[in-house]
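J.: pasting the structure only:
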């Protein structure tokens with residue numbers, strides 16, 4: 001074969017390789033980000049911002065999501081600390097939820113002690129979508 005034939009074969013081979021390796025730009029566009037409704041929540045069984053009473057060492061209340069629940073659900077963070085003093089009281093983790101009503105049980109409430117409870121909800125699909133934290137006080141009155 002002559003040099004001209006080698007160059008022709010080489011050029012055709014290079015074109016085939018380049019065409020086969022070329023990325024398809026149509027498939028590279030990312031899926032559109034779905035806009036989530038801002039999380040809105042309210043408490044049931046307690047009054048937010050006020051003092052509430054527990055009759056023993058456990059107390060159950062509900063968090064109701066009044067906005068549309070995100071597709072991936074919400075993460076619930078619970079912070080319980082003595083008031084005054086701010087000494088944390090360990091609680092069980094609250095499972096991630098996909099429903100509108102979440103039952104939360106506080107445990108290990110000591111007699112005649114007041115605790116400040118803070119409940120925060122955040123979307124699992126959009127970390128910027130966080131509900132305004134809700135706070136209330138709870139006192140175990142079983143010892144009085």
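T.: Looks like it arrived, so ask away. The structure presented is a predicted model; accordingly, all values stated were derived computationally and were not measured. Numbers count the residues shown, from 1 in each chain.
J.: Check the burial of the residue nearest to residue 129 when sequence neighbours are not counted by counting its neighbours.
T.: Nearest residue to residue 129, sequence neighbours excluded (Cβ to Cβ, 6 or more residues apart in numbering): residue 123, at 3.8 Å. C-beta coordinates here come from the backbone N, C-alpha and C atoms, glycine included. Around residue 123 sit 21 other residues, with neighbours defined as other Cβ atoms under 10 Å.
J.: And for residue 20?
T.: Residue 20: 7 neighbours (other Cβ under 10 Å).
J.: quick one, helices of the chain?
T.: Shown for the chain, the helices assigned by DSSP state H span residues 3-21.
J.: What ranges does it have for its strands?
T.: Secondary structure of the chain by DSSP state E: the strands cover 41-44, 51-54, 59-65, 74-82, 101-106, 114-123, 134-140.
J.: pLDDT weak spots in this protein?
T.: Where the chain drops to pLDDT under 70, the residues are 1, 22-34, 143-144.
J.: one step back: the residue nearest to residue 129 reaches residue 39, doesn't it?
T.: Yes: counting by Cβ atoms under 8 Å, residue 39 is a contact partner of residue 123 at 6.3 Å.
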